[in-house]
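Peer 1: Need a 3D model of the following:
(one chain, ligands or ions: 3)
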Amino acid sequence: MCGVTGLMLGDPEATTAAIELHESLYYLQHASQDAAGISVCNGGRVYQRKGLGMAQKVFSEFDGFALLEQLPGAFGIAHVRYPTAGTSSASEAQPLYVNSPFGLSISVNGNLINPDYLREFLDSEARRHINSDSDSELLLNVFAHSLNELGKARVNVDDIFASLRDVYAKCQGAYACTAMVTGFGILGFRDANGIRPLCFGSRPSQTLPGAKDYFLASESVALRQLGFTDIIDIKPGQAVFCQKNGTVHFRQIVEPKSYTPDVFEYVYLARPDSCIDGISVHRSRQNMGVKLAKKMREVLTEKEIAEIDVVIPVPETSNTAAATLASCLDRPYSNAFVKNRYANFSFVFRTFILPGQEARKKGIRRKLSPIESEFDGKAICIVDDSIVRGNTSREIVQMAREAGATRVYVVSCSPEIMNQHIYGIDLADPDELVAYNRTTEQVAENIQADKVIFQSLDDLKAACVEAAGEGSEVKEFEVGVFSGKYITEVPDGYFEHISQLRGKNKKRKTPNCSEAMLIANGGVVNMAPGQNGAQGNGTRNGVMSPSYREDIK
Ligand SMILES: O=P(O)(O)OC[C@H]1O[C@H](OP(=O)(O)OP(=O)(O)O)[C@H](O)[C@@H]1O
Ligand SMILES: NC(=O)CC[C@H](N)C(=O)O
Ligand SMILES: [Mg+2]
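Peer 2: Ligands and ions are numbered 1, 2, ... in the order given. Alright, predicted model coming up:
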């Protein structure tokens, strides 16, 4: 659930790619809040800036002029990160770079589920040193090794596609990536099940008549906002390479194994103004509201429904579904929780993706406050898109009761989450999931609601399929968090591996030695905060300051 982008400007003399790559990060910031970065290429050299925090923090001192001066180039890639593997240290911020062969950079959205195998392969066979715990560094090095094996001084497009075949063969899991081959062009590719999203669009060059600019992004909103049209989804197992001479090459690298996007994109991850694999996120959420209203009529009596005074969303992902549900039940709708939009700390953004349980809990109270008159003496129905650890609903129910609510129903647009997410969302260990090993009644008791109602999995899938536009090929989804059945095989020991990793990361307070070591990036200018009058963002040359994370504890 990281956000990735890639831009090729059609005018080879242009140096402004970083301006729009930078802008694109703000359209994907909802996906990830931990780190951000941009790498661009100019005259055979890579210029890079990355660090911990949201894009605004990492690029705080970069006005348009500074971006152009320090990140010049006609093409490049960018990333916002929410860690699912490794640590949240600055050294794992992306894009990642490896100098041999050809100078490769990569931005990855997703998660690999066979890191042990890859680490072993890279160590004993490929003889490549891996300097972090990041699974994306593994993927980059598998790609680099395969390209290197060609034994060529210069590669062509066919070589790049041929090497990708090796990535698909070795890397298991979900990934949608943008990559850059120094001096040559940008690449986009997507796993063989299409679990993580990636789309592509074009527009006329603004500086070279007749030429075209090309853009890749995790979500269509980024393309549309930057004026790109003819937006298509990269298909499972497909890649696209945009060469700096203006040519674009599509190639089916491997046969698709399925076409099963992660249903959680529609439930929570994506922006409502995006369209993923031909399915409007907004429309799918409206449908979730329709289906949930039907389920409520099955679970509650007519009298109980008639007695609901007001339907209230938990801002903001559930707003769309809640409004539709209220209209289907013919009950009043109210935006009775107000979201604080103006604070300049990270608590007010998406609390679920904040690292650390305490930070999440604090974040909910700081983010939302009730309009008391909408609760006082009323029977209310609170709608959320999902209930994961139960932090949000527990806190929200308490706030509603403190404000005087007499009866509180909590309804969820998605089913009970009882399993780990292994394809790019760091949900939690099962025993931290509130629905794990609990009946619906026990969940209600745990979050102190009068009743909890979950959407059924069939209805959730139908809500998404019915939101598809003409030509969408998607009929099934990756739904492992709900069903426990994953689209790919899961290697033995993987679940234990991620639990151990979580335990290790929880215990860590200061950066370890490997975080403090920097890769000697031949040719890469990784500008340190503080250079050129910058204030810095808690990192210096990729080393996390021990105190940096204290602001979210
Ligand atoms: O049960 P929990 O562990 O609390 O997780 C579920 C909550 O987290 C998400 O909200 P978030 O605040 O991240 O984002 P939003 O503002 O987009 O709804 C999601 O929308 C639920 O409200
Ligand atoms: N959320 C993601 O897509 C994360 C990408 C990668 N697994 C990382 O942890 O950096
Ligand atoms: Mg929410």
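Peer 1: For whichever residue of the stretch 401-550 of the chain sits closest to ligand 1, give its distance to Ser412.
Peer 2: Nearest residue of the stretch 401-550 of the chain to ligand 1, counting by Cβ to the nearest ligand atom: Val434, 6.5 Å away. For every residue, glycine as well, the C-beta is placed using N, CA and C. To Ser412, Val434 is 11 Å away according to Cβ to Cβ, to the nearest Å.
Peer 1: Comparing these two, which shows the higher neighbour count?
Peer 2: Ser412 (28 against 22; other Cβ atoms under 10 Å).
Peer 1: Please identify the buried residues of stretch 211-226?
Peer 2: For stretch 211-226, a neighbour-count test (16 or more other Cβ atoms under 10 Å) marks 212-224, 226 as buried.
Peer 1: do stretch 441-454 as well
Peer 2: Residues of stretch 441-454 classed as buried: 443-444, 446-447, 449, 451-454 (neighbour count, 16+ other Cβ under 10 Å).
Peer 1: With adjacent residues omitted, what lies nearest to Lys244?
Peer 2: Gly185 (5.2 Å; Cβ to Cβ, 6 or more residues apart in numbering).
Peer 1: the strands in the stretch 401-550 of the chain, which residues?
Peer 2: Taking DSSP state E, counting those that start in this stretch to define them, one finds strands in the stretch 401-550 of the chain at 407-412, 451-454, 525-526, 539-540, 543-544.
Peer 1: Give the full set of residues in contact with the closest residue to Arg154 other than its chain neighbours.
Peer 2: Nearest non-adjacent residue to Arg154, counting by Cβ to Cβ, 6+ apart: Phe102, 7.9 Å away. By Cβ atoms under 8 Å, 6 or more residues apart in numbering, the contact set of Phe102 is 147, 154-155, 181-184.
Peer 1: Would you point out the most distant pair within those residues?
Peer 2: Across these, no pair lies farther apart than Leu147 and Gly183, at 14.0 Å, counting by Cβ to Cβ.
Peer 1: between the two, which one's more packed in?
Peer 2: Higher neighbour count among Leu147 and Gly183: Leu147, with 22 against 16, using other Cβ under 10 Å.
Peer 1: Surely that one is within a helix?
Peer 2: Yes. Secondary structure assignment places Leu147 in a helix (DSSP: H, G, I helix; E, B strand; the rest coil).
Peer 1: Quick check: pLDDT value at the residue nearest to Arg154.
Peer 2: We have a pLDDT of 96 for Phe102.
Peer 1: One more: Tyr342?
Peer 2: 71.
Peer 1: Which residue is it, in the chain, that comes closest to ligand 2?
Peer 2: Cys2 (3.4 Å).
Peer 1: so the residue of the stretch 401-550 of the chain closest to ligand 1 makes contact with Asp384?
Peer 2: No. Taking contacts as Cβ atoms under 8 Å, Val434 lies outside contact range of Asp384: 11.8 Å.
Peer 1: Now for those two: what residues contact both?
Peer 2: Ser393.
Peer 1: out of the buried residues of stretch 211-226, who's nearest Glu92?
Peer 2: Of all those, Glu92 sits closest to Ser218, with 18.4 Å by Cβ to Cβ.
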